[in-house]
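1. any chance you could fold what I've pasted below:
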Amino acid sequence: MKHTVSVDRLQPGVFISLGELRWLDHPFLLNRFLLANEEQIKVLRSLGLKTVEWDPERSTVRPLPEADEQTAAEEFDFSSSVLDSMLDAKRSRTEQVRAQREGLARCERLFEEEATGLGEILRNLGSRPQECYGKAKGAVGRMVGGLINAESVAVHLVNMKIKEPGPAHHAMNVVVLSLLLGKAAGLGEEEMRWLGLGAMFHDLGKIDVPPRVLRNPQRTAAEEQFYQAHVGYGIKHAAAINDLPVAVRNVIACHHERWDGQGFPNHLSGARIPRLARIAAIANRYDNLCNPFDLKAARTPAEAVAYMFKQEKDGYDPELLQLFVKAIGVYPPGSFVTLSDGSIGLVVESNSRDLLHPLIMLHDPGVPRNEALLLDLRETDISISAAISPAKLPVDIVEYLAPRGRIDYYVEGVR
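-> Residues are numbered from 1 along each chain as shown. This next block holds a predicted model:
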């Protein structure tokens, strides 16, 4: 049930909604907020509003009692300079949102360019191994170069346009996530390059496994044996590359080994598993949880992190798993969240320097998706209340915030 109240009865502490106005029609940061001072009430009156919606549950006080007209008129003395200054701030905020949107679009272009190049590398590796290896080193070098000396790392959600991504997109995600974790683990530049190459080539052998086996979540014993053979096939394909470092080969050979010894193909355990392979294993598992072949079984980023930490922690190097959770955050990009003001949003960017205050895309049915408000929580007193599964949200909200359902990432170093 909607509650309306006269603007003359408002006071600080009343939670109001400007749902009838477009975001650009008023100077406030959000369409729904808790009134903080009398100046905001004066601005509401200057906009010509007589009544607004208010939420009793989110308000800390109730509206003022009814007052006669003369008292109300004498009580407020609006100064136009207040509105002007707020409108200036709103224009500045609009410019900042535009710059943020351009930054996200740039990261999407870079991701797609790298993923397209990676796809060509994987397709042609068998016929032109040395040429493709050179291109792979160049691609990894570009990503590592931007991270190695950066003070912090920004993780961007990528809104891919294609509906049927190939193996290159999984490989790209594993590269990005591996480098993110490698950076957090303090790897040097050479190790970061080896890690990136190993992550890029980790699934080379799957080209020799039929799709019906790869896509089957309920494999027979024979099919599972066939699936596990992709590790050996990958090593065979990698053998065609001259001078491929042992550390890179070991990522291909050991990315399915588990800390508890229950992995394959050699049932290695603990520190016997090469460290770069331990890193790639965490990145590979996380992406497979978020982006399985059957998207109906996909976990949200927050669910994937929680599942790995609570249900599968025996399978991973505990120190690296802790670092991964810290690096990607409790609310990784791609997480649906509820905010303290009741809004629903999607995390689209996080920074390793302040993981609890990411950049949020807000759901607002009155605003086209391509113009959706981007809210930097570092600049407001609004906070994340909880992560929420998209299965618990109305379909229109999910489609507005994440129309494709995949979770793809790009990382950049930030100074």
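
2. quickly find the element holding residue 241.
-> For residue 241, there is no helix or strand it lies in under DSSP states H and E.

3. residue 413 belongs to a helix?
-> No: read with DSSP: H, G, I helix; E, B strand; the rest coil, residue 413 is strand and lies in no helix.

4. for the residue lying closest to it once chain neighbours are set aside, give its distance to residue 391.
-> Leaving aside its sequence neighbours, residue 413 sits nearest to residue 150 (C-beta to C-beta, 6 or more residues apart in numbering; 2.6 Å). C-beta coordinates here come from the backbone N, C-alpha and C atoms, glycine included. Using C-beta to C-beta, to the nearest Å, one gets 36 Å for the distance from residue 150 to residue 391.

5. what of residue 49?
-> 38 Å.

6. out of the two, which sits in the busier spot?
-> Between residue 49 and residue 391, counted using other C-beta atoms under 10 Å, residue 49 has the larger neighbour count: 17 against 9.

7. I'd say that one and residue 7 touch.
-> Yes: Residue 49 is in contact with residue 7 according to C-beta atoms under 8 Å; the separation is 5.4 Å.

8. can you map out the helices along the protein?
-> Taking DSSP state H as the test, the helices found in the chain are 38-46, 69-75, 80-124, 129-147, 167-184, 189-201, 211-214, 221-228, 230-238, 246-254, 275-290, 301-310, 318-328, 395-401.

9. pick out the shakiest of those helices, pLDDT-wise.
-> Mean pLDDT is lowest for helix 69-75 among the helices of the chain, at a mean of 48.

10. residues touching the residue nearest the centre of the chain, list them.
-> Centroid-nearest residue in the chain, with C-alpha atoms, centre = their mean: residue 333, separated by 1.3 Å. Going by C-beta atoms under 8 Å, 6 or more residues apart in numbering, residue 333 touches 155, 156, 157, 301, 347, 348, 349, 350, 358, 407, 409.

11. quick check: the closest residue in space to it that isn't next to it in sequence vs residue 119, distance?
-> Closest residue to residue 333 apart from its sequence neighbours, by C-beta to C-beta, 6+ apart: residue 157 at 3.7 Å. As judged by C-beta to C-beta, residue 157 and residue 119 stand 21 Å apart.

12. again with residue 131
-> To residue 119, residue 131 is 15 Å away according to C-beta to C-beta.

13. returning to that earlier point: list only those of the contacts of residue 333 flagged as buried.
-> The neighbour count (16 or more other C-beta atoms under 10 Å) marks 155, 156, 157, 301, 347, 348, 349, 350, 358, 407, 409 as buried among the contacts of residue 333.

14. point out where the stretch 301-415 of the chain drops to low pLDDT.
-> Where the stretch 301-415 of the chain drops to pLDDT under 70, the residues are 403-405, 415.

15. mind redoing it with 80?
-> By pLDDT under 80, the weakly predicted segments of the stretch 301-415 of the chain are 366-367, 370, 403-406, 415.

16. looking at residue 131 and residue 119, which one has more neighbours?
-> Taking other C-beta under 10 Å, residue 131 and residue 119 do not tie; residue 119 has more neighbours (17 against 12).

17. name the residues of stretch 143-159 that come out as buried.
-> Using 16+ other C-beta under 10 Å as the burial criterion, the residues of stretch 143-159 that qualify are 143-144, 146-148, 150, 153-159.

18. tell me the two of the residues you listed that are most distant?
-> The span of these, defined through C-beta to C-beta, is set by 148 and 159 at 27.2 Å.

19. which residues touch the residue nearest to residue 413?
-> By C-beta under 8 Å, 6+ apart, the contact list for residue 150 reads 183, 412, 413, 414, 415.

20. neighbours of the second one, how many?
-> One way to gauge burial is a neighbour count; for residue 412, by other C-beta under 10 Å, it gives 19.

21. and if you look at residue 242?
-> Counted with other C-beta under 10 Å, residue 242 comes out at 8.

22. give the contact list for it.
-> 129, 130, 133.

23. what about stretch 376-389, how long is it end to end?
-> Terminal residues of stretch 376-389 are spaced 22 Å apart (C-alpha to C-alpha, to the nearest Å).

24. hmm, who's touching it?
-> Residues outside stretch 376-389 that contact it (C-beta under 8 Å, 6+ apart): 29-30, 96, 100, 300, 302-303, 330-331, 335-341, 343-344, 354, 356-360, 375.

25. centre of the chain versus it, how much separation?
-> Put simply, stretch 376-389 sits 14 Å off its chain's centre (C-alpha atoms, centre = their mean, to the nearest Å).
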